[in-house]
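1. My questions are about this predicted structure, shown below with the sequence.
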Amino acid sequence: MRECDLCVIGSGPAGQRAAIQGAKLGKSVVLVERRDVIGGVAVNTGTIPSKALREAILSMVSRQSAMPQLADFRRAREHSFQELVRSADRVVDAEIDIVQRHMRSNGVAVLHGAAHFTEPNTVAVEGGYGTEQVRAERVLVATGTEPAKPEGVEFDQRTVITSDEILGLPALPHSVIVVGGGVIGTEYASMLSLLGVKVTLIEGRPRVLEFVDGEIGEALQYHLRQGGMTLRLGEKVVRIGRCEPPPGARTTDGCMAEATLESGKTVRAECLLYAIGRQGATAELRLENAGLQADNRGRLRVNEHFQTGVPHIYAAGDVVGFPALASTSMEQGRAAACHMFGQPVHEVSRLLPYGIYSIPEMSMIGWTEEKLTEEGVPFESGVAQYREIARGQLIGDDIGMLKLLIHQESHAILGVHAIGTGATELIHIGQCAMAFNATVEYFVNAVFNYPTLAECYKTAALNGLNKLRSV
């Protein structure tokens, strides 16, 4: 039996950071990964592959700006899907190599195999060469999530798929139904649309990405429609199946996906991507042997220190639920490792930036207009359009925008929202200002490099103050 101070189950962002932090504290650490390669969902099927595909698409159409034009769509259709996947694979391989080197340099032992508890302090790892027992003083569960697959839907990895299988398609489908207008569904729908695929996006809510600021969300919807995507909003899918193609329909294997809507409509396409919800990957852990129980979505409940109901067993990352971001998972894993070995650590910040890598990309931090209105907080908005900024003209982005939400009385910055080129980078300027309680006057008086998109902050601040002064 192998003995260690910390056994980490799962090598995604939370598991990686916890393992490294434990090693930095001089502890013996064993990291268990069920895949043949390290990195978890984030590196192998989720964050990195999807963003690598996005970058390959934008590079292929030869644009710096994330605002494709009609000529870009025509160029995109000329390239094969496998060219793009190969480009994404190179990025994934490089990231896996980086993670492996970090584990080796920090002395973290990596075991490949499926882990399960045999008792609260013992984990069995079933790999290709047998089963190994690991006894640990502390255990961190960082197994992440997997796509939800509702009963009654036959997933075949070709006609009806989840986001885990999309990069494994042998060829780009002519048409796709995307069920779910959340982050994953919207990102892939926008990428496929740019590649010339006929995309129908179905979302049960009145708009896609309902948690984002309404004005920003509407701007995205407008752009998606301009790119040729069909949006069916406020529609619920009640049945998913396969059907014979009608005469003249383009298919690769003589079969089509079919979605029946609650309204009675039927939508057909060559492929259907199901992107509603994810389930905690805890089904095979035999949690009962450790005195634990997951909720109905496979997730574990933890306290503010990421301890489960069994004090020496911690959990971090997507497996604990909201906010389920790679960025927050990293910090949760590090914080959990510090707490379990008595190291002081700050609470994970509640001021979280969100990045949505659709085309165009979007980002936000803080309150939305809708939430401020609901809570009765007096605010004003200041808006800067990229087309007003020299850098926006230089990169050809005349659709992007940045918005500040400003408290009417204190002039505190309550929220920052952006859509367009570099939005996910630009948001961090607002994050720092909010973290240090800066007022909107900070941006008015600040000097920004010219020409840069960062100038949007000054323009938006002036716009907001002019509104407050009724100018």
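-> Great, that's in hand.
2. care to break the chain down by domain?
-> Taking automatic domain parsing as the domain assignment, the record places the domains of the chain at 2-146+279-340, 160-276, 361-468.
3. Quick check: end-to-end length of the shortest one?
-> Spelled out, that is domain 361-468. Taking CA to CA, to the nearest Å as the measure, domain 361-468 stretches 29 Å from start to finish.
4. related to what we said a few turns ago, can I get the domains of the chain in CSV with distance to residue 347?
-> For every residue, glycine as well, the C-beta is placed using N, CA and C. Formatted as CSV, the entries for these read as follows, by distance: least, CB to CB, whole Å:
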stretch, distance to residue 347
domain 2-146+279-340, 7
domain 160-276, 23
domain 361-468, 13
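5. Now render those as TSV, adding distance to residue 348, mean neighbour count and mean pLDDT.
-> Supplementary listing: the domains of the chain in TSV, determined by distance: least, CB to CB, whole Å; neighbours: other CB atoms under 10 Å; pLDDT from 0 to 100:
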stretch	distance to residue 348	mean neighbour count	mean pLDDT
domain 2-146+279-340	5	20	90
domain 160-276	19	19	92
domain 361-468	13	19	96
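6. Looking at these, spot the one closest to residue 355.
-> Of all the domains of the chain, the one in closest proximity to residue 355, counting by CB to CB, is domain 361-468 (3.8 Å).
7. just how off-centre is the closest one within its chain?
-> Going by CA atoms, centre = their mean, to the nearest Å, the spacing between the C-alpha centre of domain 361-468 and its chain's C-alpha centre is 23 Å.
8. try stretch 268-285
-> Per CA atoms, centre = their mean, the centroid offset for stretch 268-285 relative to its chain is 14 Å.
9. Stretch 95-112 now?
-> For stretch 95-112, the distance between its averaged C-alpha position and the chain's averaged C-alpha position is 23 Å (CA atoms, centre = their mean).
10. how about residue 263, what does it touch?
-> For residue 263, the set of contacting residues under the criterion of CB atoms under 8 Å, 6 or more residues apart in numbering consists of residue 235.
11. Next, residue 382: secondary structure please.
-> The assignment at residue 382 comes out as strand when based on DSSP: H, G, I helix; E, B strand; the rest coil.
12. Assess the claim that it and residue 467 are in contact.
-> Yes: taking contacts as CB atoms under 8 Å, residue 382 lies within contact range of residue 467: 7.0 Å.
13. Tell me which other helices or strands the lengthiest helix in the chain touches.
-> Using DSSP state H to assign secondary structure, the helix with the most residues in the chain is helix 81-105. Based on contacts counted as 3 or more CB pairs under 8 Å, 6 or more residues apart in numbering; DSSP states H and E, the elements that helix 81-105 packs against are helix 13-24, helix 40-44, helix 47-60.
14. got a list of contacts for the last one?
-> It stands for helix 47-60. Surrounding helix 47-60, the residues in contact under the criterion CB under 8 Å, 6+ apart are 39, 41-43, 66, 68, 75-76, 79, 83-85, 87-88, 90-92, 95, 163, 167, 184, 187-188, 191, 194-195, 326, 357, 359.
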